[in-house]
Every structure is written in C-alpha cells, then in structure tokens.
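S.K.: here is a sequence with its predicted model. Questions after.
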Amino acid sequence: MSTFGSLQASYTGLQAARAGMDVTGQNIANATTEGYTRQRVSQSAIGSSTAASIFRTGINIGQGVQVTGIERLGDSILDNRVRAASSTMGYWKVASSAMSTIETSSTSPAPTACR
C-alpha cells in the first residue's frame, strides 16, 4: 500500500471514529429523555481491490473502514408490549369518557326540599 493509500485508510478510520463519538455524545445527552433509545454505529471494512492485488505480493491490506449505518438498540419485545399497553389504555380512556358522558346526561336533577 502506498503512503497515500495508508493515509486514506487512516482518514476513513478517523471518520468512523468521529461518527462513533457523535453517536456516543447523543446517547449521553439524551440519557434522561423519555422515549429515547440508545444508538450505535455499524461499521464494515472496505476490502482491498482485486486489480491492485494482482500486481502485489504478500499481504493485501484493506482500504479502511466505512460507516454502514446507525442502529437503534431497542428491545422489540418491550416495544411491542408498550404499543399494546398504549393501545389498550387509549381504548379504555375513550370508553371511560363515553361512560362519563352517558352518566352525566342520564342523571335526574336532584330533588328539591319540600316546604
């Protein structure tokens, strides 16, 4: 690998590390935010090109690393439970509101005292 190739591989590593630090900073800043789920950076190696490896002897070195995405680290089972509980709560709130409306409309006026 040439000097410039080594610098490019180092540069891509620094970019990936910076993305990791940015995501870590977001995780720390939002640690107390309700509903926030942690995130992590997914990385993969950039493989060496086959054309360059034909003329090369010895070990073929990759060309650095790339960020392939940022993933949320939520638990799908817990997320489904929260959604189900929220849905059930919404149903019972509407039912309670409807029952309260029926109750207030069907009550007779209070009897007045006779003289």
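M.R.: Cool, the structure landed.

S.K.: and residue 42, how far is that from residue 87?
M.R.: From residue 42 across to residue 87, the span is 31 Å (CB to CB, to the nearest Å). Every C-beta, even on glycine, is put in place using the N, C-alpha and C of the backbone.

S.K.: whoops, residue 8 was the one
M.R.: Distance of residue 8 to residue 87, computed by CB to CB: 51 Å.

S.K.: try residue 40
M.R.: 29 Å.

S.K.: how about residue 81, what does it touch?
M.R.: Contacts for residue 81 (CB atoms under 8 Å, 6 or more residues apart in numbering) come out as none.

S.K.: return the distance of the strand or helix carrying it from the chain's centre.
M.R.: Assigned by DSSP states H and E, residue 81 falls within helix 76-106. Here helix 76-106 is found 27 Å from its chain centre; the criterion is CA atoms, centre = their mean, to the nearest Å.

S.K.: one more: stretch 70-86?
M.R.: On the basis of CA atoms, centre = their mean, stretch 70-86 sits 10 Å off its chain's mean C-alpha point.

S.K.: ok, stretch 13-26 next?
M.R.: Its chain's C-alpha centre and that of stretch 13-26 lie 16 Å apart, by CA atoms, centre = their mean.

S.K.: and that stretch, what's buried?
M.R.: Within stretch 13-26, the residues that count as buried by 16 or more other CB atoms under 10 Å are 16, 19, 23.

S.K.: now, among those residues, which is nearest to residue 101?
M.R.: For those, the closest approach to residue 101 (CB to CB) belongs to residue 23, at 48.3 Å.

S.K.: low-confidence regions, the protein specifically.
M.R.: Applying pLDDT under 70 to the chain flags residues 1-2, 48-61, 108-115.

S.K.: 80 instead?
M.R.: 1-6, 47-62, 74-76, 79, 106-115 (pLDDT under 80).
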